[in-house]
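In: need coordinates for the below:
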Amino acid sequence: MRKLVWLVAVLLAACNSSQKTVSTETISKGPVDPKVYAETITEAELKEHLYIYASDEFEGRETGQPGQKKAIAYLKAEYENLEIPPAQSNGDYFQKVPIEISNIPVGKLSIDTSDYLLGEHVLTFSKAQSGDNEIVYVGYGIEDDNYSDYQGMDIAGKLVLMKTGEPMNSDGTYTISGTSEKSIWSNMSESLGKRFQLAEDKGAIGVLYYDADNYPRFKSRFDYMRNSNSGRMSLKDLQENDFSSLFIDGTLAKAILPSIETDQTPKELDSKATLAFESSNEEVDSENVVAFIQGSKKPNEYIIISSHLDHIGITEEGEINNGADDDGSGTVALLEIAEAFKKAQEDGNGPSRSVVFLHVTGEEKGLLGSEYYTDVEPIFPLGQTVANLNIDMVGRIDPKRDGDRNYIYLIGSDKLSTELHELSEEVNSKYTQLELDYTYNDENDPNRFYYRSDHYNFAKNNIPIIFYFNGTHDDYHRPSDTPDKINYDLLENRTRLIFYTAWELANRANPVVVDKASD
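Out: All right, here's what the predicted structure looks like:
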């Protein structure tokens, strides 16, 4: 499904909370005052780290590029200096994340004895290889409450030929709606994925999709990607999918079924199809960096604090995108939090639960490093992961925001766990007194920030999260995002808040309860 969902998204792009009442429950109290450790998080050390990490030497930390290798080497050296061990049992700080660049494939489609080269009458955006396939025509490829193009049709292991549009009655009304109004099936943006998913769920090995109006748009996108070699990065391990999505023009559609424009009757066809589209994808070498401090009392329960180590590299004009705020600020905050926990451990006050320091790669390419950690190879069981605190851009001030400069945007704290939200509020009230701004926590936020950073891969697995964020600014994803523009006093305050929150999560008697599990 990953390949199918991405494909539909690409084509569609070519075509087209409020704060809750604070709990009265008191936070856990004990003999250890975390302030002494929070105070080791200082402006000076954050600044020292960031002027190195967001320097030109790191070349914008592009995923898989030399600058990213310098970044992970720096992080490893810092954890070694702090004597914080790697999280992996093999003793390696680097968790390999298999990524590849999805380029346009090469090859052809054969219908009986006629060959159709990719880009000439047929388009596909990924590998598709299978031979001597039966073809079943399914009309519009629709199945609704009172209508089905699949009635009595066996499509398992076969290719399906379908066309855009929806059926109409003899009186000019639409069959699905029963009125003169079109249904969702006439909306290409909403129905394309539904058609493909329906065919896949019924066992088809692929779709030959005919849409005369939109084929030129698909072709334009195809030509752009082929000519600019502008593939996207994705996780190699999650790409495998035998379902083939092919877009065909009128010439090819009518070669398969001459009456396709007027014929609405599903049927098995006499023609056979062979798909011979080979991958031209490129592998990318990239890594997460993961260290941890083992819990003293509950070592098999885990708090994960994350930030992304990558940025967007060098522009075509040769300018370096240093990414001081995005996400150099989160990276150095995580290093300082790790140091604070380590000093507590050295004093015999280590956390009760294990604390994991997760620096993920490929965030700018689609949250790839965190997706690999959660969906492919979690180093620690997700079922024993209590919470994720994610730090992404915490060193600047949102120029669009009015109010106290000593603020932080919180996103997601109440999405899965009421307790986590209340704990966060209480910790802030007790220790840091920042203004907690929930503007972007709104379900209707058009920016959809909740879905756009690495915490989301934990949240979708029903792990409570908090996303700490300062908002965007004019230097976002530009070479001008440099360390001299960071507000280091704010970075210190925000980092301390995250440390205190992690401290409470790691040391409270019981893990926070998930009472709002997602579907």
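
In: C-alpha only now, for contacts and for neighbours.
Out: Will do.

In: torsion angles phi and psi at residue 119?
Out: phi 90, psi -10 (degrees, to the nearest 10).

In: got the contact list for it?
Out: Applying CA atoms under 8 Å, 6 or more residues apart in numbering to residue 119 gives the contacts 219, 222-223.

In: quick one: pLDDT of it?
Out: Looking at residue 119, its pLDDT stands at 96.

In: wait, residue 34 touches residue 502, no?
Out: No - look at residue 34 against residue 502 with CA atoms under 8 Å: they stay out of range, at 10.7 Å.

In: these two: which has the busier surroundings?
Out: residue 502 (23 against 18; other CA atoms under 10 Å).

In: distance check, the closest residue to residue 417 other than its chain neighbours against residue 421.
Out: In space, and not counting its chain neighbours, residue 417 is closest to residue 514: 4.7 Å by CA to CA, 6 or more residues apart in numbering. Taking CA to CA, to the nearest Å as the measure, residue 514 falls 11 Å from residue 421.

In: show the end-to-end separation of stretch 425-444, please.
Out: So stretch 425-444: terminal residues 22 Å apart, CA to CA.

In: could you pull up the mean pLDDT of that stretch?
Out: 97.

In: quick one: buried residues of that stretch?
Out: 425-428, 431-432, 434-438, 440-442 (16 or more other CA atoms under 10 Å).

In: determine which two of those residues are furthest apart.
Out: Maximum pairwise distance in those, criterion CA to CA, is 25.8 Å, between 431 and 442.

In: coming back round to it: in the contacts of residue 119, which residue is surrounded by the most others?
Out: residue 219 (22 neighbours).

In: test my guess that that one contacts residue 123.
Out: Yes - counting by CA under 8 Å, residue 219 touches residue 123, with 7.1 Å between them.

In: surely residue 305 meets residue 392?
Out: No - between residue 305 and residue 392 there is no contact under CA under 8 Å: 11.0 Å.

In: give me phi/psi at the closest residue to residue 407 other than its chain neighbours?
Out: Once flanking residues are discounted, residue 407 sits nearest to residue 435: 4.3 Å by CA to CA, 6+ apart. Residue 435 adopts backbone torsions of phi -80, psi 110, taken as degrees, to the nearest 10.

In: break down the stretch 51-200 of the chain into its helices, ranges please.
Out: With DSSP state H, counting those that start in this stretch as the criterion, the stretch 51-200 of the chain has helices at 66-82, 188-201.

In: ugh, wrong one, I meant the stretch 401-519 of the chain
Out: Going by DSSP H, counting those that start in this stretch, the stretch 401-519 of the chain shows helices at 418-427, 455-459, 488-507.

In: how about the stretch 201-350 of the chain?
Out: 215-228, 250-256, 330-346.

In: now residue 473: closest residue in space that isn't a chain neighbour?
Out: Using CA to CA, 6+ apart, the closest residue to residue 473 is residue 398 (5.9 Å).

In: just the element for that neighbour, please.
Out: Per DSSP states H and E: residue 398 is located in neither a helix nor a strand.

In: what separates it from residue 328, distance-wise?
Out: Taking CA to CA, one finds residue 398 at 17 Å from residue 328.

In: residues of stretch 200-217 that come out buried?
Out: For stretch 200-217, the neighbour count (16+ other CA under 10 Å) marks 200, 203-212, 214-215, 217 as buried.

In: buried residues in stretch 372-388, which are they?
Out: Going by neighbour count (16+ other CA under 10 Å), the buried part of stretch 372-388 is 372-374, 380, 382, 385-388.

In: take those and lay them out in TSV including distance to residue 133, pLDDT and secondary structure.
Out: Converted to TSV, these look like this (distance: CA to CA, whole Å; pLDDT from 0 to 100; DSSP: H, G, I helix; E, B strand; the rest coil):
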residue	distance to residue 133	pLDDT	secondary structure
372	34	97	helix
373	37	98	helix
374	37	98	helix
380	43	98	coil
382	41	98	helix
385	46	98	strand
386	49	98	strand
387	48	98	strand
388	47	99	strand
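
In: tell me the two of those that are most distant?
Out: 372 and 386, at 18.6 Å, using CA to CA across these.

In: tell me the contacts of residue 101?
Out: Contacts of residue 101 (CA under 8 Å, 6+ apart): 231-234, 281-284.

In: so residue 514 and residue 421 - more neighbours on which side?
Out: Taking other CA under 10 Å, residue 514 and residue 421 do not tie; residue 421 has more neighbours (24 against 19).

In: which pLDDT value does the model give that one?
Out: For residue 421, the model assigns a pLDDT of 98.

In: next one: residue 188
Out: 88.

In: please apply the same query to residue 125.
Out: Predicted confidence (pLDDT) for residue 125: 89.

In: where are the low-confidence patches of the stretch 251-400 of the chain?
Out: Nowhere does the stretch 251-400 of the chain drop to pLDDT under 70.

In: then the stretch 401-519 of the chain?
Out: Ranges of the stretch 401-519 of the chain meeting pLDDT under 70: 518-519.

In: hang on, the earlier thing: dump the buried residues of stretch 425-444 into a markdown table; add distance to residue 52 as well.
Out: Output for the buried residues of stretch 425-444, formatted as a markdown table (distance: CA to CA, whole Å):
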| residue | distance to residue 52 |
| --- | --- |
| 425 | 33 |
| 426 | 35 |
| 427 | 31 |
| 428 | 30 |
| 431 | 30 |
| 432 | 28 |
| 434 | 28 |
| 435 | 30 |
| 436 | 30 |
| 437 | 30 |
| 438 | 32 |
| 440 | 31 |
| 441 | 33 |
| 442 | 36 |
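
In: sort out for me which of the residues you listed are in strands.
Out: Members of those lying in strands (criterion: DSSP state E): 435-437.

In: closest one of these to residue 447?
Out: Of all those, residue 437 has the smallest distance to residue 447: 15.4 Å, by CA to CA.

In: thought that closest one was touching residue 406?
Out: No - applying CA under 8 Å, one finds residue 437 not in contact with residue 406, separated by 10.4 Å.

In: between residue 398 and residue 328, which is the more surrounded one?
Out: residue 328 (34 against 17).

In: just the strands in the stretch 51-200 of the chain please.
Out: 94-96, 99-102, 106-111, 114-117, 122-123, 128-137, 143-144, 147-148, 159-163 (DSSP state E, counting those that start in this stretch).

In: with distance to residue 264 as added columns, please give the ones you listed in CSV.
Out: Converted to CSV, these look like this (distance: least, CA to CA, whole Å):
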stretch, distance to residue 264
strand 94-96, 51
strand 99-102, 36
strand 106-111, 21
strand 114-117, 25
strand 122-123, 22
strand 128-137, 9
strand 143-144, 14
strand 147-148, 11
strand 159-163, 10
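
In: worst average pLDDT in the ones you listed?
Out: The weakest mean pLDDT among the strands of the stretch 51-200 of the chain belongs to strand 99-102, with a mean of 90.

In: partners of that one in the sheet?
Out: strand 232-235 (antiparallel), strand 282-284 (antiparallel) (DSSP bridges).

In: buried sites along the first one?
Out: Okay, so that is strand 232-235. 233-235.
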